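Visitor: okay, predicted coordinates and the sequence, questions at the end:
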Amino acid sequence: MAKSTVRYACQNCGAVYAKWSGRCANCGQWNTLGEQLDAKSAEASAAKSGRAITPQAINQKTKGVSPRLTTGISEVDLVLGGGIVPASVILVAGEPGIGKSTLILEIANNVARQKPVLYITAEESIEQVTDRAKRLGLAAGKLALASSASTDDIVATLHEGGYSLVIVDSIQTIATEQVGSSQGSSSQITNSSQLLIRAAKLTQTAMILVGHVTKEGTIAGPKLLEHLVDTVLNLEGDRYGGFKILRSVKNRYGSTNESGVFEMTDSGLKAIANPSAALLAERQASDGSVVVATLEGSRPLLVEIQALVNKTVFGYPKRTASGFDLNRLNVLIAMLERRTKLSLSDKDVYINVVGGVRITEPAADLAVCMAIATAAKGMALKDDSVVFGEVGLSGEVRRVQGTESRVKEASKLGFKSAIGPKADKTNSFIKPVSNVRDALNQFLSK
């Protein structure tokens, strides 16, 4: 049988070499050469050694799917699509100190009331995890703890069976002896993940992997890690306070349009039943304060946006945004100067989204513009209204999705109207505006 020919291709420019070297001679980048099989020889080898697959009709009956494991936390079940699917692998990532280990320990404790659970810690000792469990008041009888940094030992434990859920904290701190590189390297993360995922599928064991993030906010390790697992959950928020949001970035067994809202307390992370009311509980209506009706996944959320406008003391005005994209803020300020009578070229502009929430959808554009205008003019909204709508460079207010759910949430919390784009269906609750100038002229008062 002909042996497959291995070549080395640069991951940056695509140049191919017969031997590996530390530096690509074509583009000059270091450590970018990776193994690549010769397509013709690899295909010929696979055709001889492989076996033909026997397909089945799509309507043919298959083995029934086992029921999901409920986590005992309504917000987590919502994000997962109803619970943990047996034999699925879930990756939970977040910044240091955000509450990943606390959330995972609470899930393990709740599931252990139904099924046996194994919590494997590679970062902390068993005593540290036990102390955290006592501090949180968790003591489920079927929850077992183990400390190991060996992927091979974890795989052997999985094959012994007996556990419905296995948690590995974290994937960046374990290593397999089959790979010579150190813990946390791309090759270790890739190979360890593949071994764990294959073992979980073969033994029908659900698995949760805890992942680290880089300083840029992305999951540490190769992008392949996110492709290998079934579900990717990100825990976001301010590590020093405010609300934490659990987002589903990828989910093979449910929707990625759901998110859960939590608050860190002395007894752990607690789900917020009505996050809009909690976010607006301490609001004081004044100039620079506007409530935006935003969407977190498919859930409507009312959040206060605060703006502060001061005369700059430097030659170049300062723009600062917390919870909002700074580049988008600069675009909106430029649009306001061009399309309205506001003069902001000599003003410092500060924007803050209250509660540690980060808004990324364009529906917050109109609210940010109105908050800046009220702060600059010392004015406030005429009515107790919420605001939403995307703003174009010409100052036009564009439609956004989920109008009905936004309006329903605002009405439930006692707001009298909503300022936004004209809806497809006639709705007396919405006061439509066509552009930013009309919105400022109609709904601002001293």
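Guide: Thanks, I have the structure now. Numbers count the residues shown, from 1 in each chain.
Visitor: which residues does the closest residue to L233 other than its chain neighbours contact?
Guide: In space, and not counting its chain neighbours, L233 is closest to V92: 4.9 Å by C-beta to C-beta, 6 or more residues apart in numbering. For every residue, glycine as well, the C-beta is placed using N, CA and C. Going by C-beta atoms under 8 Å, 6 or more residues apart in numbering, V92 touches K100, L103, I104, I208, L209, V210, G211, L233, L235.
Visitor: drop anything exposed from the residues you listed.
Guide: Buried subset of these (neighbour count, 16 or more other C-beta atoms under 10 Å): K100, L103, I104, I208, L209, V210, G211, L233, L235.
Visitor: separation between T32 and N191?
Guide: 20 Å (C-beta to C-beta, to the nearest Å).
Visitor: likewise N234?
Guide: For N234 relative to N191 (C-beta to C-beta), the value is 24 Å.
Visitor: what about these two, which has more around it?
Guide: Between N234 and N191, counted using other C-beta atoms under 10 Å, the more crowded position is N234 (23 against 17).
Visitor: how about the nearest residue to that one once chain neighbours are set aside, phi and psi?
Guide: Spatial nearest neighbour of N234, excluding adjacent residues (C-beta to C-beta, 6+ apart): R247 at 4.9 Å. When read as degrees, to the nearest 10, the backbone of R247 gives phi -110, psi 150.
Visitor: R247 against T231, yeah?
Guide: No - if you go by C-beta atoms under 8 Å, R247 and T231 don't touch, sitting 11.4 Å apart.
Visitor: so for the two, which residue has more residues nearby?
Guide: The residue with more neighbours, out of R247 and T231, is T231; 24 against 17, by other C-beta under 10 Å.
Visitor: ok, the residue nearest to N234 - contacts?
Guide: V79, L233, N234, E236, S259, G297.
Visitor: the same query, at a cut-off of 10 Å, please.
Guide: Contact analysis of R247 by C-beta atoms under 10 Å, 6 or more residues apart in numbering lists 79, 232-236, 256-260, 296-297.
Visitor: do D131 as well
Guide: E124, S125.
Visitor: how deep is F443 tucked in, by neighbour count?
Guide: Neighbours of F443 (other C-beta under 10 Å): 21.
Visitor: E123 is in contact with D169, isn't it?
Guide: Yes - E123 is within contact range of D169, at 6.2 Å (criterion: C-beta atoms under 10 Å).
Visitor: shared neighbours of these two, which are they?
Guide: S101, V129, V210.
Visitor: just the ones of those in strands?
Guide: Those of the shared contacts of E123 and D169 mapping onto strands are V210, per DSSP state E.
Visitor: export the shared contacts of E123 and D169 to CSV and tack on distance to E282 and pLDDT?
Guide: Compiled in CSV, the shared contacts of E123 and D169 are given as follows (distance: C-beta to C-beta, whole Å; pLDDT from 0 to 100):
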residue, distance to E282, pLDDT
S101, 29, 91
V129, 35, 91
V210, 33, 95
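Visitor: T54: which of the shared contacts of E123 and D169 is nearest?
Guide: Nearest to T54, judged by C-beta to C-beta, of the shared contacts of E123 and D169 is V210 at 38.4 Å.
Visitor: distance of the closest one relative to L158?
Guide: 17 Å.
Visitor: check G81 too.
Guide: Distance, G81 to L158, using C-beta to C-beta: 24 Å.
Visitor: report the contact partners of V129.
Guide: Counting by C-beta under 10 Å, 6+ apart, V129 has contacts S101, L105, A108, Y119, I120, T121, E123, L145, A146, S147, D169.
Visitor: hey, which helix is longest across this protein?
Guide: helix 186-203 (DSSP state H).
Visitor: does anything pack onto that one? Which helices or strands?
Guide: Applying 3 or more C-beta pairs under 10 Å, 6 or more residues apart in numbering; DSSP states H and E, one finds that helix 186-203 contacts strand 89-94, helix 151-160, strand 165-169, strand 206-211, helix 224-228.
Visitor: what pLDDT does Y8 get?
Guide: For Y8, the model assigns a pLDDT of 84.
Visitor: ok, and the closest non-adjacent residue to S66?
Guide: P86 (4.4 Å).
Visitor: spatially nearest residue to R358 (excluding sequence neighbours)?
Guide: Per C-beta to C-beta, 6+ apart, closest to R358 is G323, 4.8 Å.
Visitor: wait, the one you found touches L279, no?
Guide: No - between G323 and L279 there is no contact under C-beta under 10 Å: 11.5 Å.
Visitor: neighbour count: these two, which is higher?
Guide: Higher neighbour count among G323 and L279: L279, with 23 against 20, using other C-beta under 10 Å.
Visitor: relative to K115, how far out is the closest residue to that one other than its chain neighbours?
Guide: Nearest non-adjacent residue to L279, counting by C-beta to C-beta, 6+ apart: G355, 4.6 Å away. Distance of G355 to K115, given as C-beta to C-beta: 35 Å.
Visitor: neighbour count winner among the two?
Guide: G355 (24 against 14).
Visitor: you'd agree the more buried one is up against V303?
Guide: Yes - with contact defined as C-beta under 10 Å, G355 counts as touching V303 (6.5 Å).
Visitor: overlap of the contact sets of these two?
Guide: F243, P275, L279, L280, G323.
Visitor: beta-bridge partners for G237, please?
Guide: Residues in a beta bridge with G237, per DSSP bridges, are K244.
Visitor: correct me, but it touches I272?
Guide: No - G237 lies out of contact with I272 (C-beta under 10 Å); the separation is 11.7 Å.
Visitor: shared neighbours, these two?
Guide: Joint contacts of G237 and I272 (C-beta under 10 Å, 6+ apart) are F243, K244, I245, V261, F262, E263.
Visitor: which of the residues you listed has the most neighbours?
Guide: K244 leads these on contacts (other C-beta under 10 Å) with 26 neighbours.
Visitor: if I pick that residue, what's in contact with it?
Guide: Taking C-beta under 10 Å, 6+ apart, one finds 75, 94, 98-100, 102-103, 235-238, 260-264, 269, 272, 356-357 in contact with K244.
Visitor: nothing else from me, thank you.
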